[in-house]
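> Sequence plus the predicted model coming up.
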Amino acid sequence: CALLPRGDGAELLPRLCPPRCDRRGAPFRSFMPAVEKVNQRLREEAGGGRLSVDFPGRVSYVDCGGPFRAGGGRREGGEEEAEEVVVRLMPDRLHPNPEGH
């Protein structure tokens, strides 16, 4: 199973820097690049990688995050999207509520 999107980065990430900072020493702006990187690796491992070899027929990859992702990250004119997740489904921007289950 893939990691679900996480939309609390703008609030939480500045408090994690340091030590969780970008190459310039600034706080990361979003958890989404890390979530996407982990999901890509899981997709590769389950779809012909080590996990599918070590556990044939027992491992598959399912990305359930689509309904939770808000927009494409940018509004018209290049302005950043206010929310990365659908807050109606993830009010704390991390955990799905009953409607999100």
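Cool, got the structure. Numbers count the residues shown, from 1 in each chain.

> show me the contacts for the closest residue in space to V86 that isn't next to it in sequence.
Residue nearest to V86 in three dimensions, not counting chain neighbours: A70, with 5.1 Å by Cβ to Cβ, 6 or more residues apart in numbering. Where C-beta positions appear, they are placed from N, C-alpha and C, glycine not excepted. For A70, the contact set (Cβ atoms under 8 Å, 6 or more residues apart in numbering) comprises G7, E81, E83, E84, V85, V86, V87.

> Flag the least confident of those.
The member of those with the lowest pLDDT is E81, at 55.

> next SSE after the longest helix along the chain?
For the chain, the helix with the greatest residue count under DSSP state H is helix 32-46. Where DSSP states H and E defines the elements, the next helix or strand beyond helix 32-46 is helix 50-54.

> What residues sit buried inside that next one?
L51, S52 (16 or more other Cβ atoms under 10 Å).

> Check the offset of it from the chain's centre.
Centroid separation between helix 50-54 and its chain, computed with Cα atoms, centre = their mean, to the nearest Å, is 24 Å.

> if we can go back for a sec, only the buried subset of the contacts of A70, as a ChimeraX command please.
Entered in ChimeraX, the line below selects the buried ones among the contacts of A70, by 16+ other Cβ under 10 Å:
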select :7,84,85,86
